[in-house]
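[1] got a predicted model here, sequence first, then my questions.
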There are 6 protein chains.
Amino acid sequence: MASTPRQSLIELLEGVQKFDRDVYPDHQELFESLATGQSPSTLFITCSDSRINPSLITQTEPGELFIVRNVGNIVPPYGDMLGAVSSAIEYSVLVLKVRNIIVCGHSNCGAMNALCDLSSKKFDSMPTVRRWLRAAEAARATFGPLQAEDVGPETIRSLAEQNVLLQLTHLRTHPAVVGALARGELALQGWFYDIATGKITVLDEATRKSYSVDEAIAHFQSR
Amino acid sequence: MASTPRQSLIELLEGVQKFDRDVYPDHQELFESLATGQSPSTLFITCSDSRINPSLITQTEPGELFIVRNVGNIVPPYGDMLGAVSSAIEYSVLVLKVRNIIVCGHSNCGAMNALCDLSSKKFDSMPTVRRWLRAAEAARATFGPLQAEDVGPETIRSLAEQNVLLQLTHLRTHPAVVGALARGELALQGWFYDIATGKITVLDEATRKSYSVDEAIAHFQSR
Amino acid sequence: MASTPRQSLIELLEGVQKFDRDVYPDHQELFESLATGQSPSTLFITCSDSRINPSLITQTEPGELFIVRNVGNIVPPYGDMLGAVSSAIEYSVLVLKVRNIIVCGHSNCGAMNALCDLSSKKFDSMPTVRRWLRAAEAARATFGPLQAEDVGPETIRSLAEQNVLLQLTHLRTHPAVVGALARGELALQGWFYDIATGKITVLDEATRKSYSVDEAIAHFQSR
Amino acid sequence: MASTPRQSLIELLEGVQKFDRDVYPDHQELFESLATGQSPSTLFITCSDSRINPSLITQTEPGELFIVRNVGNIVPPYGDMLGAVSSAIEYSVLVLKVRNIIVCGHSNCGAMNALCDLSSKKFDSMPTVRRWLRAAEAARATFGPLQAEDVGPETIRSLAEQNVLLQLTHLRTHPAVVGALARGELALQGWFYDIATGKITVLDEATRKSYSVDEAIAHFQSR
Amino acid sequence: MASTPRQSLIELLEGVQKFDRDVYPDHQELFESLATGQSPSTLFITCSDSRINPSLITQTEPGELFIVRNVGNIVPPYGDMLGAVSSAIEYSVLVLKVRNIIVCGHSNCGAMNALCDLSSKKFDSMPTVRRWLRAAEAARATFGPLQAEDVGPETIRSLAEQNVLLQLTHLRTHPAVVGALARGELALQGWFYDIATGKITVLDEATRKSYSVDEAIAHFQSR
Amino acid sequence: MASTPRQSLIELLEGVQKFDRDVYPDHQELFESLATGQSPSTLFITCSDSRINPSLITQTEPGELFIVRNVGNIVPPYGDMLGAVSSAIEYSVLVLKVRNIIVCGHSNCGAMNALCDLSSKKFDSMPTVRRWLRAAEAARATFGPLQAEDVGPETIRSLAEQNVLLQLTHLRTHPAVVGALARGELALQGWFYDIATGKITVLDEATRKSYSVDEAIAHFQSR
Ligand SMILES: [Zn+2]
Ligand SMILES: [Zn+2]
Ligand SMILES: [Zn+2]
Ligand SMILES: [Zn+2]
Ligand SMILES: [Zn+2]
Ligand SMILES: [Zn+2]
């Protein structure tokens, strides 16, 4: 049975006590050195899904990844002034001078599932989810008509990959990104993360194919 | 000297190789059990700042926190259909049935700094950042006129705390949140995270005061 | 039978003649003194409903209440630049320096009725009403599912009260309001007006309970 | 000296007591008859200005005027879904079947004053007022360049009249209005109210001239 | 059978070769004289429909008509900052100082057809078309309820004419237009183009009647 | 000296008389055959500039090109529901089944000029132009800081080419386009038109280089 709000709040706060007591002392020096500034190399955009831990899967320390997380790892195209994502892009590229932007999708993504079923009645009570996923609709359009009931893990994976490629296209509509790319100061990359196996694959924009991490490293080192 | 885009991309991918080789095997069972679904207890909303690792500071495992990250841990009030944050609230409360929403601000926050200086010329090239921080402007308004040059760590901390309280107010404009609160199925809480000391303090909406984690646990257990 | 447009226009104009002839002379001095400026103490936000006369129920003279009226006495949360209500808040607080904002709901409110039935076909031809009432949706969410046919005067009253409390929350997202509250220059208050009995009750934000006017005066005088 | 928030709140509540005690009894029958519905003949759109009392100047009873009040008696053109004014138009024309829409401007209007000076620094802290008055900008455009310091009462009056005519044009972009006009079920009229003298003048859309109330009545009766 | 994308692209490019070889030499002088600037007399707003050639039907040369084309020859009312049409109006009136704006509708217009059937299921996959045509909805409202199946060429023609008149009203909400009209530097005119007969008729805003071109010329010359 | 509004209106109407008398008879059969439908092969998106005649430069007949024209031949990215361009894309791809979309920029484009100078005071009176050109800002970002006074014809040409490539990227964010591309039913192409010489060059998205029409035809025929 699910815990009550109070129980789960106490558990979280006990986790904080544990961090304070058992974990912080080992990282004290690092945290103190970070007290007055950050200089991350990468803007990492991924899904809000609770099963993804960007620091864990990249084995990075605090200070290395500037992280944006939302439902479906979406990057709205430039133009909507209000955007949580647009402002993070602008800030991280122009102020923090990140050198990479990674868009990371994943297996069993609830947002991709929702995308196949968005006109169903069950989303009538979720107008904001419906509106938000419009920015992933062009990924779904590559599949033709999809029946929610026929959509299995393979389709969801494939849709998640198309979605990552679409969001990379959206990144290329943001002036800050286009300017930094033109100056050779920025690279973009798409990733797909398989939760069960822990494997990352790298998606290539030009060929729209995916590569293993080993292949991607070899490719970059050979240049 | 800052690494090139290519160098930092290779480093990230090497981190992924390390995760794959050294870390995943120890968590394989957990990750496999998470392959087909998630059931997080908490929606955790925090800043994109690279120095914050929500899983680390709450000592939680993959699967426990549904995470939204943006510049300034902002929750726009309900009404803007397009919102990255609004859709995550709707999805996590109505579909995932999270029992808590935590809004977590932090020390030395670049967004709070920017908020004190938003009309300066240097933000002319960042129209999206300027627009986004409008949703934190009411926090700044509690301070009266601020001169960017006089703003020290104490003001930034205080502003970050006011901002967390404002974003909790914004949460209370979202129908999904208001409904779940009325049914007793959800709790909201504000946190402030001090990077240097690793300390979390808990912010109380009613009194607008802050408490230590120990005090907060004692308070909840006594109810 | 309803009058024609022409008839009702003539009646209105005859009312103006009557004002001119019978009423104005008694107020001439007051009106002349108001010719070059206003200094109202209060921003009074109420429904467009034809049965509400703010000056009558508060027994105030011209010059005392700065009045905003719309369908459902709604205050959209801050962020939507275009807002009729937002601009009136900004103008009255920053320019006119009003000391109070009253949000006044009422019995038998058509907007509250519509709110219980918004997805019905009859609102397909009223997309703007539907959109506007989104800013009251969080009030409806406190009730769980409502069937339009089961909604009686008690539910409408209760919904109108929840709506007033929600709009007070929305007021607290506006920088001008938050700033003036922090400086102690402004108070907010929620009212409910019962048309049949003419009774105002005062709604308390903290306790979410309602008080009689006598109780409210006693409370304020005792502080 | 201006009263404190608490003082002015008490005064308002004392006014309510007075209404309850001295005024309501004389109108009890009317108010009771209005308890379960309204059937106003007219949608009356006027400025929030505290010196205007629509019921007083038209000598109407509760139940006759459905009233929208905002800064500058503005009617945004159709298309902005969120509008306080648009929803009131839609509701009053389609549900309440009002037979008239009056747009009433006035002398010494703060909004007209602001409109002449909108790019000045003093409106930098009022972005919402600036945005809202865009819907009156076409009225200002009829005057060519205006210097804030040269703008006297005559220009403000003239601008207020142009503004009323513009808002009538905006009314003609709303489908509900256009439909009712085509069916002969609705009339539109522009008014200008001079605070000092209490005089209403009627503005004619076709000739863009103004008429006295006597002339206007004569005109309508002769048709 | 419809050509493939490649075939039709080659055909277009062959048309360009033909222009280059056979047509350009005869106009070389004109084109060279236009190389560094334009000074069109008219902003011509018409439908994207492939059967309309504005230069052909007005027998004008390159350099004379500044042309805006969209689905349904629509002019959204002023206020939506993003508009393709609004920016063209602003630019052509304020920078190019055009002396006329023509809005030209036409027979058998697909947009007018769609307007009669917009709530049907077939437009569920065209949310942008549905949204765009809201700016023509007030034209449809003059007809009362229309059944898609009963809509013949006469209704479409009549609707297209009402739509042109509505778009002229929308033009009168744009400050640049209102200003230039007030200075006597601009005229507006509505046209209807019948594809089969090639006939233009001129629509009069005041009388809402249509005139032949001969009548319109006679009218203007007599003034 | 520029003609008056009346003069230039009469001239246009005389052009219509000439078309009617001298030109229509030769095309009567074509126009009659087009009376009840259109089947264009191509959506042609170009600038409103008066010096561009799409039918002339492609030597096409009425019925072949579905034409969208706006300031700067801009295609806003998908997401803005209101768009003149978005609705034309949706309609032409989904209803008319066009097989090509051409985006055609040109030399001496006023919009490109404006783009280099957008923050200058002279655009303070043109807020809509400024807002509209945001959708071309990423093209300008490829150039680094540009001084309006240093911008010559070569930079404008280069900027116009980058803008065409950006607008092709924007096309790839529209679901209707992405779907038709995935099914092999649509091709996209960028063109640059030099007004003085009448030459079209074809821009290649992958290489970001330009080709002559002859080269482009040879390339397509060889596939
Ligand atoms: Zn996901
Ligand atoms: Zn931060
Ligand atoms: Zn009401
Ligand atoms: Zn006023
Ligand atoms: Zn058409
Ligand atoms: Zn151009």
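    Perfect, thanks for sending it. Quick caveat, the model's predicted, so the values are computed rather than measured. Numbering: from 1, shown residues only, chains lettered A, B, ... in the order given. Ligands and ions are numbered 1, 2, ... in the order given.

[2] get me the contact residues on chain A for chain F.
    Applying CB under 8 Å from any CB of the partner chain, we find that chain A lies next to chain F at A:76-80, A:134-135, A:137-144, A:166, A:169-170, A:172-179, A:182-183, A:206. C-beta here means a position set from N, CA and C on the backbone, and glycine is covered the same way.

[3] what do you get if the cut-off is 10 Å, keeping everything else the same?
    With CB under 10 Å from any CB of the partner chain as the criterion, chain A meets chain F at residues A:76-81, A:83, A:131, A:134-145, A:162, A:165-167, A:169-170, A:172-183, A:206.

[4] those in helices, which ones?
    Using DSSP state H, the subset of the residues of chain A next to chain F located in helices is A:131, A:137-140, A:162, A:165-167, A:169-170, A:175-182.

[5] residues near A:S119, how many?
    Residues near A:S119, counting by other CB atoms under 10 Å in any protein chain shown, number 10.

[6] partner residues bridging the residue nearest the centre of chain A?
    With distances taken as CA atoms, centre = their mean, the residue of chain A nearest its centroid is A:T46 (1.1 Å). When bridges are called by DSSP bridges, A:T46 pairs up with A:R69, A:C104.

[7] that one and B:V68 touch, don't they?
    No - A:T46 is not in contact with B:V68 according to CB atoms under 10 Å; the separation is 11.2 Å.

[8] which neighbours do these two share?
    A:68-70 (CB atoms under 10 Å, 6 or more residues apart in numbering or on different chains).

[9] who are the contact partners of the residue nearest to the centre of chain A?
    Contacts here follow CB under 10 Å, 6+ apart; on that basis A:T46 touches A:52-54, A:57, A:65, A:67-70, A:72-73, A:102-106, A:164, A:191, A:193, B:67, B:69.

[10] any idea how chain A splits into domains?
    Annotated domains of chain A cover A:1-37, A:38-221 [automatic domain parsing].

[11] any idea how many residues pack against A:P25?
    10.

[12] please report how far the residue nearest to the centre of chain A lies from chain E.
    As judged by CB to the nearest CB, to the nearest Å, A:T46 and chain E stand 28 Å apart.

[13] A:A138 now?
    For A:A138, the distance to chain E (CB to the nearest CB) stands at 13 Å.

[14] surely that residue touches F:P175?
    Yes - using CB under 10 Å, A:A138 makes contact with F:P175 at a distance of 4.4 Å.

[15] between the two, what contacts are shared?
    Common neighbours of A:A138 and F:P175 (CB under 10 Å, 6+ apart) are A:166, F:78.

[16] residue contacts, the residue nearest to A:Q28 when sequence neighbours are not counted?
    Once flanking residues are discounted, A:Q28 sits nearest to B:G198: 7.6 Å by CB to CB, 6 or more residues apart in numbering or on different chains. Residues near B:G198 by CB under 10 Å, 6+ apart: A:16, A:19-20, A:23-25, A:27-28, A:31-32, B:56-57.

[17] helix, strand, or coil at A:V202?
    strand (DSSP: H, G, I helix; E, B strand; the rest coil).

[18] check it and give its pLDDT.
    pLDDT, A:V202: 97.

[19] ok, it touching A:F192?
    Yes - proximity of A:V202 to A:F192 meets the contact threshold set by CB under 10 Å, at 8.1 Å.

[20] out of the contacts of B:G198, who's nearest ligand 1?
    B:L56 (21.2 Å; CB to the ion).

[21] so what's the residue count around the closest one?
    By other CB under 10 Å, the residues close to B:L56 number 18.

[22] quick one: which helix or strand includes it?
    In this structure, B:L56 sits in helix B:54-58 according to DSSP states H and E.

[23] which residues are in contact with A:V202?
    Each residue near A:V202 by CB under 10 Å, 6+ apart is listed here: A:102, A:189-192, A:209-217, A:219-220, B:9, B:13, B:16.

[24] and the gap between it and chain E?
    Taking CB to the nearest CB, one finds A:V202 at 31 Å from chain E.

[25] quick check: beta-bridge partners of that residue?
    As for beta bridges, A:V202 partners with A:W191, A:Y211 under DSSP bridges.

[26] give me every residue in chain A lying close to ligand 5.
    Applying CB under 5 Å from the ion, we find that chain A lies next to ligand 5 at no residue.

[27] could you pull out the strands for chain A?
    A:42-47, A:65-70, A:100-106, A:187-193, A:200-203, A:210-212 (DSSP state E).

[28] of the contacts of B:G198 - the most surrounded one?
    B:I57 (26 neighbours).

[29] that residue: what's it in contact with?
    Neighbouring residues of B:I57 by CB under 10 Å, 6+ apart: A:12, A:15-16, A:18-20, A:23-24, A:62, B:44, B:46, B:104, B:106, B:191, B:193, B:198-200.

[30] go on, A:Q7?
    B:41, B:99-100, B:220.

[31] ok, A:I67 touching A:I45?
    Yes - applying CB under 10 Å, one finds A:I67 in contact with A:I45, separated by 7.8 Å.

[32] and A:E205, how many neighbours?
    A:E205, neighbours per other CB under 10 Å, totals 14.

[33] nearest residue to it other than its sequence neighbours?
    Excluding the flanking residues, the one nearest A:E205 by CB to CB, 6+ apart is A:L168, at 5.5 Å.

[34] one more: A:N113?
    Using CB to CB, 6+ apart, the closest residue to A:N113 is A:I156 (6.3 Å).

[35] for the one you found, give its distance to chain D.
    A:I156 is 33 Å from chain D, where distance means CB to the nearest CB.

[36] look up how far B:Y91 lies from that residue.
    16 Å (CB to CB, to the nearest Å).

[37] check A:T201 too.
    Taking CB to CB, one finds A:T201 at 26 Å from B:Y91.

[38] more neighbours: these two, which one.
    B:Y91 (26 against 18).

[39] list the buried residues for stretch A:165-185?
    A:165-181 (16 or more other CB atoms under 10 Å in any protein chain shown).

[40] for that stretch, how far is the first residue from the last?
    End-to-end distance for stretch A:165-185: 21 Å, by CA to CA, to the nearest Å.

[41] my guess is A:S212 meets A:K199, correct?
    Yes - using CB under 10 Å, A:S212 is in contact with A:K199, at 7.9 Å.

[42] find residues that contact each of the two.
    Common neighbours of A:S212 and A:K199, using CB under 10 Å, 6+ apart, are B:D20.

[43] re earlier: as CSV, the shared contacts of A:T46 and B:V68 with pLDDT, neighbour count and distance to B:D150 would be great.
    Shown next, in CSV, are the shared contacts of A:T46 and B:V68 (pLDDT from 0 to 100; neighbours: other CB atoms under 10 Å in any protein chain shown; distance: CB to CB, whole Å):
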residue, pLDDT, neighbour count, distance to B:D150
A:V68, 98, 27, 31
A:R69, 98, 27, 34
A:N70, 98, 28, 35
